[in-house]
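S.K.: Sharing a sequence plus its predicted fold:
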Amino acid sequence: MDLRVTPGELEELRLIRAVHAALADGLCATGDASPHLWDAAVAGEPRKAVERRYAQAIAICEQCPVRQLCHGLAEALPETSGVWGGEVYEDPTKRAYQSRKTVDGRQRKARLRLKVLVRQRVACDVT
């Protein structure tokens, strides 16, 4: 079994580790609210219940110290649903068709922004 990773894969792993560490300070991870507030809507869940749940999650996100980083992560991920960084992301399987080129380009730009956010946060934590 070959366990070698490319430099690009190593960079991705470092980014994931840094983001994970930074998101540990999020109010969704440290607060008293149910973690299910941020989940995507499930089949059969009443629309009003989803809207109430999302409103609660968004209100918490507005006060969160890692909101921008969380939103950046959501933009960089290939499939995102639920509430991330105070924004609602719909189930990607229900979205209209988008060309792979458009999605890949948007994710690439989002990953670059995410790297900048992580570096800024790490620099703030060090100083």
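M.R.: Thanks, I have it.
S.K.: what residue ranges in this structure are flagged as low confidence?
M.R.: 1, 91-107, 116-127 (pLDDT under 70).
S.K.: rerun that using 90 as the cut-off
M.R.: 1-23, 30-31, 35, 40-43, 69, 71-81, 89-127 (pLDDT under 90).
S.K.: So for it, which residue is the most central one in space?
M.R.: A74 (3.1 Å; Cα atoms, centre = their mean).
S.K.: Settle this for me: A33 is touching I58, isn't it.
M.R.: No: at 11.6 Å, A33 does not count as touching I58 under the criterion of Cβ atoms under 8 Å. Any C-beta I mention is one placed from the backbone N, CA and C, and that applies to glycine too.
S.K.: anything in contact with each of these two?
M.R.: Common contact partners of A33 and I58 (Cβ atoms under 8 Å, 6 or more residues apart in numbering): none.
S.K.: if we can go back for a sec, how close does the residue nearest to the centre of the chain sit to Q56?
M.R.: Separation of A74 from Q56 (Cβ to Cβ, to the nearest Å) stands at 18 Å.
S.K.: ok, now V19?
M.R.: V19 is 24 Å from Q56, by Cβ to Cβ.
S.K.: Could you check which of the two has the larger neighbour count?
M.R.: The residue with more neighbours, out of V19 and Q56, is V19; 21 against 15, by other Cβ atoms under 10 Å.
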